[in-house]
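J.: I'd like to go over a predicted model; first the sequence, then the structure.
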Amino acid sequence: MFLSIITFLIVFTVIILVHELGHFLTARRAGIRVEEFGFGYPPRALAKKIGKTVLSLNWLPFGGFVRLRGEDLREGYKKTKGYQEAFWYKSRGQRAIVLISGVTANFLLAIVCFSIVYSVLGIPTETGRTNIVGILPQSPAETIGLKENDVVLEVDGQKLNNLDHFITLVDERKGEEITLLVSRGDENLTFSLEPRENPPEGEGPLGVVVSNVEIKKYPLWQMPFRGTVEGFKAAITLVGLVVAGLGSIVSNLFIKGQVPTGVAGPVGIMHMTGIVAHSGVMAVLQFIGLISVNLAIINILPFPALDGGRLLFIAYEAITKRRPKPSFEAWTNAAGMAFLIIFLVLVTINDIKRIFTSSGLLEKIKAILPF
């Protein structure tokens, strides 16, 4: 549990600080005064003013924040001292860049994390080989002695063209004995077994996990370049998956009125972080990339209280040539924040139920409680 909490705090602190650093750098570039760059959240523990910005270290060791001059439009448009450095004073384009920069920083962080992983571990490369990457317990494959990293060359004397060819041949012979020619190291071995006609759900007739992807390593000087390309591709692919997932979430929430069970809140993410932490540094880097892309996409949504919601107000301003009333924008953001908090509470309740159920704790608690 201690490792889970520490890793969770590190992961989210990195992701949030990178997000806020994006806002900080573009705000400075636009001539907006950054009143404070905080590490963690108040109450404040230490503070030091460097130039015009207060760098603060706060007691809640989680994430961070950037406070810009004139960020709250209710501060008004009157020309007070230093108004030229206020967020509201800047052009629509400058304000939009400052808002987008946090999301952009998170996306770049994901690319960096994925690139490091690929540069160190190798590049996934599709091949024409049928590699066994997993053996399920109590399956025909385990019974006859197939092992991970075996390569299936033939099924009943037929040479395999690709992964789909292997799957087709096995499916055609369910309930019949088949012979597999397998490459293991420097030798070829022959195995006979019977594919199951009605295997357990998700296991398949043989009980093997197969892949046509191998991890390939190139000369050391090439790996950073190839890793960066693959890291960028992985981040782009993940964006598509997250957007599709969000579409499903919105459908379940607003059309069916259901809190999606597959969504994880802080408790669920901390639970996953603990599992990832035991898998090593590379797994943690992949996890940071995954969460960073998720938060980037969520933050850019045109929903009040998010960066995307504030961009929506700038778009309104560009179309109507007038700014929305500060009081209306403040009320809308407050309502959006309230909705997000309620949604987060519901998701957290689901997280706790899921974790307790998987660990058997829920049944134990039910047995103790009188209701």
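T.: Thanks, I have it. Numbering: from 1, shown residues only.

J.: extract the C-alpha trace of the helix or strand hosting Gly38 and format it as CSV.
T.: Counting by DSSP states H and E, the element that carries Gly38 is strand 34-50. Output in CSV follows, covering the C-alpha atoms of strand 34-50 (Å, rounded to 0.1, in the frame of the first residue of the first chain):
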residue,chain,number,x,y,z
VAL,A,34,2.5,34.4,-13.4
GLU,A,35,1.6,35.4,-9.8
GLU,A,36,2.5,31.9,-8.4
PHE,A,37,3.8,28.6,-9.4
GLY,A,38,2.9,26.1,-6.7
PHE,A,39,4.2,22.7,-6.0
GLY,A,40,1.5,20.8,-4.2
TYR,A,41,-1.6,22.5,-2.9
PRO,A,42,-2.2,24.9,-0.1
PRO,A,43,-1.8,25.5,2.8
ARG,A,44,1.6,27.0,1.9
ALA,A,45,4.7,25.6,3.6
LEU,A,46,7.5,27.7,1.9
ALA,A,47,7.6,30.5,-0.6
LYS,A,48,10.2,32.5,-2.5
LYS,A,49,9.7,35.2,-5.0
ILE,A,50,11.8,35.0,-8.1
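
J.: contact partners of that strand?
T.: Outside strand 34-50, the residues that touch it by Cβ atoms under 8 Å, 6 or more residues apart in numbering are 13, 17, 20, 24, 27-28, 52-69. In this view, the C-beta of every residue, glycine as well, is placed from N, C-alpha and C.

J.: okay, strands next: where are they in the stretch 151-300 of the chain?
T.: Remark: strands assigned in the stretch 151-300 of the chain by DSSP state E, counting those that start in this stretch are 151-155, 158-159, 178-184, 187-193, 208-216.

J.: which secondary structure elements does the longest one contact?
T.: Secondary structure elements in contact with strand 208-216, counted by 3 or more Cβ pairs under 8 Å, 6 or more residues apart in numbering; DSSP states H and E, are strand 123-135, helix 163-172.

J.: tell me which other helices or strands the shortest one touches.
T.: Helix 163-172 is packed against strand 151-155, strand 208-216, with contacts defined by 3+ Cβ pairs under 8 Å, 6+ apart.

J.: partner strands of the longest one, parallel or antiparallel?
T.: Strand 208-216 has these partner strands in its sheet, going by DSSP bridges: strand 123-135 (antiparallel).

J.: following the partner strand, which helix or strand comes up?
T.: Counting by DSSP H and E, the next helix or strand C-terminal to strand 123-135 is helix 140-144.

J.: roughly how far out does that following helix sit from the chain middle?
T.: Centroid displacement of helix 140-144 relative to its chain, using Cα atoms, centre = their mean, to the nearest Å, is 36 Å.

J.: list the buried ones in that helix?
T.: Pro140, Ala141 (16 or more other Cβ atoms under 10 Å).

J.: show me the protein divided up by domain.
T.: The record's domain parsing of the chain by automatic domain parsing lists 2-33+69-119+242-368, 124-216.

J.: distance from the chain centre to the longest one, please.
T.: Averaging C-alpha coordinates over domain 2-33+69-119+242-368 and over its chain gives two centres that are 12 Å apart (Cα atoms, centre = their mean).

J.: hang on, the earlier thing: which of the strands of the stretch 151-300 of the chain sits most buried?
T.: strand 151-155 (a mean of 19; mean count of other Cβ atoms under 10 Å).

J.: quick one: strands adjacent to it?
T.: Its sheet considered, strand 151-155 pairs with strand 123-135 (antiparallel), strand 158-159 (antiparallel), strand 178-184 (antiparallel) by DSSP bridges.

J.: good, wrapping up.
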